[in-house]
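Colleague: Build me a model from this:
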Amino acid sequence: MPPPPLFLSLPSPPPPLLPVHLHPKAPQSLTLELLATSSRKAALLACSVASPRHSDYFDPRAPPPPPPPPRGDGYGRPPPLNGGQEGRVFTSYTIYKGKAALSFDPRPPQFVPLDSGAYKVAKEGFVLLQFAPAVATRQYDWTRKQVFSLSVWEIGTLLSLGPTDSCEFFHDPFKGRSDEGKVRKVLKVEPTPDGNGRFFNLSVQNRLLNIDESIYIPISKGEFAVIVSTFNYIIPHLMGWSTFTSSIKPEDSRPYNRPQSGPEYEWRR
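Modeller: Next up is the predicted model:
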């Protein structure tokens with residue numbers, strides 16, 4: 001005798017929603033019910049996607065977002081082409097006075113590669129002093145600027161000045177060449193009469209361009225303190241020593257061979 005057939009009972013689907021005008025309930029009560037249902041659904045949806053509290057604040061535990069790709073310098077200029085100066089940083093310290101302005105601009109040392117793959121300093125860096133005369137109140141003509149490059153030892157001379165000391169540096173850009181003596185630059189640094197600052201005076205005689213000019217600017221005690229602090233910091237970088245120390249790796253260290261004799265090797269003990 002065959003088994004009796006099986007019947008699967010499924011729940012009936014909910015009746016479709018009728019338009020308001022066909023619904024058996026009163027239109028006003030139905031409208032309120034539909035609004036209440038929609039409000040509950042919206043509340044549940046909002047709860048399910050609501051962001052945590054203070055989501056507009058930075059969470060220090062979260063990883064930082066990846067940086068955007070470089071797209072120029074932020075001023076509408078395109079990114080530099082291959083061989084440009086992308087990544088370089090330029091800085092200066094500028095002092096503005098009534099008759100002139102003076103800026104201090106560091107210039108890095110020059111390195112040359114060796115056959116071993118290492119580098120050596122070919123030329124030390126320097127600090128470029130740029131003097132610009134004033135043409136009006138708080139206006140300076142940088143097209144007429146005169147420049148003077150301070151070497152490392154000249155910077156050291158400035159740093160060693162006492163309160164009443166002065167110094168003088170002479171430069172001939174064409175020294176050792178055919179135009180030697182035709183351009184003469186003299187930088188004098190001396191204390192002000194009241195002893196509360198320094199005078200920076202640059203005299204330039206250029207017979208090639210028929211220029212004979214002298215630009216001086218008073219430097220206050222506070223401004224000179226900034227110069228001294230900046231010079232103390234920048235000297236190791238101008239000499240390339242900071243690059244050397246940052247290249248030291250513990251895994252590349254090896255012991256020095258102890259010399260047999262010689263006082264010049266005593267520091268290697």
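
Colleague: just the helices in this protein please.
Modeller: For the chain, the helices defined by DSSP state H occupy 27-49, 152-159, 221-239, 241-246.

Colleague: which non-adjacent residue is nearest residue 199?
Modeller: Leaving out its chain neighbours, the residue that sits closest to residue 199 by Cβ to Cβ, 6 or more residues apart in numbering is residue 190, at 5.3 Å. (Glycine included, C-beta is placed from N, CA and C.)

Colleague: Can you tell me the number of residues neighbouring that neighbour?
Modeller: Around residue 190 there are 16 other residues, counting by other Cβ atoms under 10 Å.

Colleague: Return the residues in contact with it.
Modeller: Contacts of residue 190 were listed using Cβ atoms under 8 Å, 6 or more residues apart in numbering, and they are 166, 167, 198, 199, 201.

Colleague: Can you lay out those as CSV showing distance to residue 182?
Modeller: As requested, the contacts of residue 190 are arranged in CSV below (distance: Cβ to Cβ, whole Å):
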residue, distance to residue 182
166, 27
167, 25
198, 30
199, 27
201, 21
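
Colleague: Please, a PyMOL command that selects the buried ones among those?
Modeller: Applying 16 or more other Cβ atoms under 10 Å to the contacts of residue 190 leaves a buried subset, and the PyMOL line that selects it is:
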select buried, resi 198+201
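
Colleague: okay if I get the contacts of residue 190 as CSV plus distance to residue 89 and pLDDT?
Modeller: Shown next, in CSV, are the contacts of residue 190 (distance: Cβ to Cβ, whole Å; pLDDT from 0 to 100):
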residue, distance to residue 89, pLDDT
166, 34, 97
167, 30, 97
198, 28, 97
199, 31, 97
201, 31, 97
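
Colleague: In strands, which of the contacts of residue 190 fall?
Modeller: 167, 198, 199, 201 (DSSP state E).

Colleague: Turn these into JSON lines, columns for distance to residue 91.
Modeller: Shown next, in JSON lines, are the ones in strands among the contacts of residue 190 (distance: Cβ to Cβ, whole Å):
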{"residue": "167", "distance to residue 91": "25"}
{"residue": "198", "distance to residue 91": "22"}
{"residue": "199", "distance to residue 91": "25"}
{"residue": "201", "distance to residue 91": "25"}
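
Colleague: any idea which of those is closest to residue 174?
Modeller: residue 201 (22.2 Å; Cβ to Cβ).

Colleague: tell me the contacts of the closest one?
Modeller: For residue 201, the contact set (Cβ under 8 Å, 6+ apart) comprises 187, 188, 189, 190, 214, 215, 216.

Colleague: Quickly note the distance from the fourth one to residue 249.
Modeller: The span separating residue 190 from residue 249 equals 47 Å under the rule Cβ to Cβ, to the nearest Å.

Colleague: Please look at residue 145 and residue 132 and confirm they touch.
Modeller: Yes: under the criterion of Cβ atoms under 8 Å, residue 145 makes contact with residue 132 at 4.5 Å.

Colleague: Now for these two: what residues contact both?
Modeller: Shared contacts of residue 145 and residue 132 (Cβ under 8 Å, 6+ apart): none.

Colleague: out of these two, which sits in the busier spot?
Modeller: Legend: neighbour count by other Cβ under 10 Å for residue 145 and residue 132, higher for residue 132 (22 against 17).

Colleague: how about the more buried one, what does it touch?
Modeller: By Cβ under 8 Å, 6+ apart, the residues touching residue 132 are 100, 101, 102, 103, 140, 141, 142, 144, 145, 215.

Colleague: Please name the bridge partners of it.
Modeller: Taking DSSP bridges as the rule, residue 132 bridges to residue 101.

Colleague: before we move on, the earlier item: mark which of the contacts of residue 201 are buried, thanks.
Modeller: 187, 188, 189, 190, 215, 216.
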